[in-house]
Structures are given as structure tokens and as C-alpha cells.
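1. can't give you the sequence, but here's the structure:
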């Protein structure tokens, strides 16, 4: 058996989902995707889903090449889904150039996936500063060092930069803020809820913005 065949068999043998999955009735779904998202998120937390607030953020660069990474969901309300980053990070620069994105949350232990697409807007200075000051000191220190995604010559360089900024944060003077830390909110044009089925007859319910409200459509698996 070839190495490629062995790897293919290994991957095919990995179970995708548990045998028992939560029920989902699209006909009983609320009119707003925000309400359904909050229901699913609360259930994920109650079911002990690991990091249910971790989401994949996809953006594009100036050449149209896609980029994706995992960030933490900060908030959800009727305005959209919020996350944060430095505006001078690669994703911050990409969002400045092309202010739209896709988000994806995947919870394999309950067989659920949520896909979100829409325009992205940055928050104002006050909201950005408040969020920055709520962060862990080391997380703030990394932002203040201002080198995200730059080439790192050694671990010692990182440790020294963090120590310098933590010392600033713990000093006697005014606590430094960040001019680059930004809360971004994606205002969804479409939100799709995907519920796995043990027999592969997965349920897909897509909400699409329709004027001031939402239309709902079932999609083939």
C-alpha cells in the first residue's frame, strides 16, 4: 500500500461527528439570525463545546488573495458580530483596503457550523480604547510593541519587548493606550446555519438580508 493510499485511508477513517447530534427544526427558527445564533451559542456553552467563541476570519489582500485566521468573537448584537485586532496588522490593513469579510464557526462535537458574510466597519476611539484596556497586560504589551507578523529574530527579542511594555503598563504614569487597537463589526448580509446529520442529510438554513428584515431559505446539503 502506498504512503498516499495509507494517508487517504487514515483520513477516511476519522469520524466526523458523534453519533448523537442536537435536533434542529428550520421551520421553528426565529426571524432574525442574531436570535438563532445566540440560541446556538448558549447551547454550545452549556454542552461544553471547546472555545465556542473562536471564529475563522477570512479577508483578501490587495492582490485578491484570500487570507484566514482564527480570532475571538467579542460581541454579538443587532448591529453585527464584533472582533478586534491592530489596524496595522495584516488583517487590519486588508480590512482597510477591502472592508468586507467572511466569518466561520465550527463546533464538531455538536455538528454545527455557522457561516457569516458582510461589510466590516471599525469602531470609534472610545470603544477601541475601552476594549484595549480590558485585555490581559501581556496581550496589551504585544500590541504596544507594534510588531505583529514581523520577522522575529529570537524568543529573547520577544521576551524583552514584552517586558519593556509591561513595565510601561505597570509604571507610575498614565497607563498607555493603543492608537492601532480596533474593534471591528461585521454587519451580515447572509448567515447560514448548518446542522450535521448522521446519515449525511445535513440541514442548511440561510438567512439573507431583505430590506429591513430577513428572508430564510433551505439549501441542499
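-> Alright, I've got the coordinates. Computed from a prediction, not measured in an experiment: that's the story for all the values here. Residues are numbered from 1 along each chain as shown.
2. which residues in the chain form strands?
-> Under the criterion DSSP state E, strands of the chain are mapped to 54-60, 66-72, 75-77, 80-86, 100-107, 112-122, 181-195, 203-210, 213-219.
3. quick one: which of these is nearest residue 136?
-> strand 66-72 (12.0 Å; Cβ to Cβ). The way it works is simple: take the backbone N, C-alpha and C, and place the C-beta from them, glycine included.
4. from the chain's centre, how far out does that closest one sit?
-> Relative to its chain's centre, strand 66-72 lies at 7 Å (Cα atoms, centre = their mean, to the nearest Å).
5. tell me who's in contact with the residue positioned nearest the centre of the chain.
-> Centroid-nearest residue in the chain, with Cα atoms, centre = their mean: residue 55, separated by 2.7 Å. By Cβ atoms under 8 Å, 6 or more residues apart in numbering, residue 55 lies in contact with 70, 71, 72, 73, 81, 83, 103, 104, 105.
6. what residues sit buried inside stretch 197-214?
-> Neighbour counts over stretch 197-214 (16 or more other Cβ atoms under 10 Å) mark 202, 203, 204, 205, 206, 207, 214 as buried.
7. any idea how far the fourth one is from residue 148?
-> If I follow you right, that is residue 205. The gap separating residue 205 from residue 148 is 37 Å, by Cβ to Cβ, to the nearest Å.
8. ditto for the first one
-> Between residue 202 and residue 148 the distance, using Cβ to Cβ, works out to 37 Å.
9. same question, the fifth one
-> For residue 206, the distance to residue 148 (Cβ to Cβ) stands at 34 Å.
10. go on, residue 184?
-> 15 Å.
11. who's more crowded, the two?
-> residue 184 (24 against 15; other Cβ atoms under 10 Å).
12. give me the neighbour count for the closest residue to the more buried one other than its chain neighbours.
-> Distances taken as Cβ to Cβ, 6 or more residues apart in numbering place residue 120 nearest to residue 184, at 5.2 Å, with adjacent residues excluded. By the criterion of other Cβ under 10 Å, residue 120 has 22 neighbours.
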